[in-house]
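Asks: predicted coordinates and the sequence they were generated for:
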Amino acid sequence: GAVVSQHPSWVICKSGTSVKIECRSLDFQATTMFWYRQFPKQSLMLMATSNEGSKATYEQGVEKDKFLINHASLTLSTLTVTSAHPEDSSFYICSATTGEVTQYFGPGTRLLVL
Amino acid sequence: GQNIDQPTEMTATEGAIVQINCTYQTSGFNGLFWYQQHAGEAPTFLSYNVLDGLEEKGRFSSFLSRSKGYSYLLLKELQMKDSASYLCAVLANQAGTALIFGKGTTLSVSS
């Protein structure tokens, strides 16, 4: 089956620093990648939709200047949390699709901002 | 607006059968997914229904009624490893667009 990886799997950083999370489709080309955020005991909330070579589409309430998304190739999308604060601590999950119905999820990145 | 409802928590014992319900109200509908998520891990795909009826896959079955905006996931012969969160998600728009997730149902299986 299709595999999506994320790196790093977890990260601890100081408040005010920036953190970059990578999402890669390992054995397929993803026309679209999605970034979700999940707080404890909550469901996955879509943050943004990322298409290769174009600007990401952000959901209402998600600051595009704070959560920078780059989709440079059909196999890689990155999410950079700029000037992270403790309230940004969460579980960030990406998913990828070839344009078909099924989405393939990465293993997630746990971010803790101190 | 978009709304997906499922129970917050359920408990069951090993060997039993449990049914997790999901109701949805979305602007469009192009299929419903069930995912299993263990704590701290990404969701894993269980099933996809786009037509009315029951889809069976081993110990897991999923049912859909589009007219009622209703689905359920049926887990048979429960095992301890089935303790997890079960997420109901709707593809409201065309293929290749984002899913809308419910809050998930945490299932605890005891011996």
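Replies: Okay, I see it.
Asks: close to chain A: what parts of chain B are there?
Replies: B:30-31, B:35, B:40-45, B:48, B:50, B:87, B:91, B:95-104, B:106 (Cβ under 8 Å from any Cβ of the partner chain). C-betas here are computed from N, CA, C, even on glycine.
Asks: pull the CA atoms of stretch B:90-102 into PDB?
Replies: Below are the C-alpha coordinates for stretch B:90-102, written out as PDB (Å, rounded to 0.1, in the frame of the first residue of the first chain):
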ATOM      1  CA  VAL B  90     -17.000  12.200   5.400                       C
ATOM      2  CA  LEU B  91     -15.700  13.200   2.000                       C
ATOM      3  CA  ALA B  92     -18.100  16.000   1.300                       C
ATOM      4  CA  ASN B  93     -16.600  17.100  -2.000                       C
ATOM      5  CA  GLN B  94     -15.000  15.500  -5.000                       C
ATOM      6  CA  ALA B  95     -12.200  12.900  -4.700                       C
ATOM      7  CA  GLY B  96      -8.900  14.400  -3.800                       C
ATOM      8  CA  THR B  97     -10.300  16.900  -1.300                       C
ATOM      9  CA  ALA B  98     -10.100  17.000   2.500                       C
ATOM     10  CA  LEU B  99     -12.100  14.800   4.800                       C
ATOM     11  CA  ILE B 100     -14.300  16.100   7.600                       C
ATOM     12  CA  PHE B 101     -13.800  14.100  10.800                       C
ATOM     13  CA  GLY B 102     -16.000  13.400  13.700                       C
END
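Asks: what does it rub up against?
Replies: Stretch B:90-102 is contacted from outside by A:31-32, A:34, A:36, A:43-46, A:49, A:95, A:97-101, A:103, B:2, B:4-6, B:22, B:24, B:26-33, B:87-89, using Cβ atoms under 8 Å, 6 or more residues apart in numbering or on different chains.
Asks: tell me the first helix or strand C-terminal of the helix or strand hosting residue B:85.
Replies: In the assignment (DSSP states H and E), residue B:85 maps to strand B:84-90. Moving toward the C-terminus from strand B:84-90, the next helix or strand (DSSP H and E) is strand B:100-101.
Asks: check contacts around the residue nearest the centre of chain A.
Replies: Among the residues of chain A, the one closest to the centroid is residue A:35, at 3.8 Å (Cα atoms, centre = their mean). Taking Cβ under 8 Å, 6+ apart as the criterion, residue A:35 is in contact with A:23, A:46-48, A:50, A:67, A:69, A:77, A:79, A:92-94.
Asks: so can I have JSON lines of those residues showing distance to chain B, secondary structure and neighbour count?
Replies: Converted to JSON lines, the contacts of residue A:35 look like this (distance: Cβ to the nearest Cβ, whole Å; DSSP: H, G, I helix; E, B strand; the rest coil; neighbours: other Cβ atoms under 10 Å in any protein chain shown):
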{"residue": "A:23", "distance to chain B": "11", "secondary structure": "strand", "neighbour count": "28"}
{"residue": "A:46", "distance to chain B": "5", "secondary structure": "strand", "neighbour count": "19"}
{"residue": "A:47", "distance to chain B": "10", "secondary structure": "strand", "neighbour count": "25"}
{"residue": "A:48", "distance to chain B": "9", "secondary structure": "strand", "neighbour count": "23"}
{"residue": "A:50", "distance to chain B": "10", "secondary structure": "strand", "neighbour count": "24"}
{"residue": "A:67", "distance to chain B": "15", "secondary structure": "strand", "neighbour count": "20"}
{"residue": "A:69", "distance to chain B": "13", "secondary structure": "strand", "neighbour count": "23"}
{"residue": "A:77", "distance to chain B": "14", "secondary structure": "strand", "neighbour count": "28"}
{"residue": "A:79", "distance to chain B": "15", "secondary structure": "strand", "neighbour count": "25"}
{"residue": "A:92", "distance to chain B": "10", "secondary structure": "strand", "neighbour count": "23"}
{"residue": "A:93", "distance to chain B": "5", "secondary structure": "strand", "neighbour count": "26"}
{"residue": "A:94", "distance to chain B": "9", "secondary structure": "strand", "neighbour count": "31"}
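Asks: I'm done for today, thanks for sticking with me.
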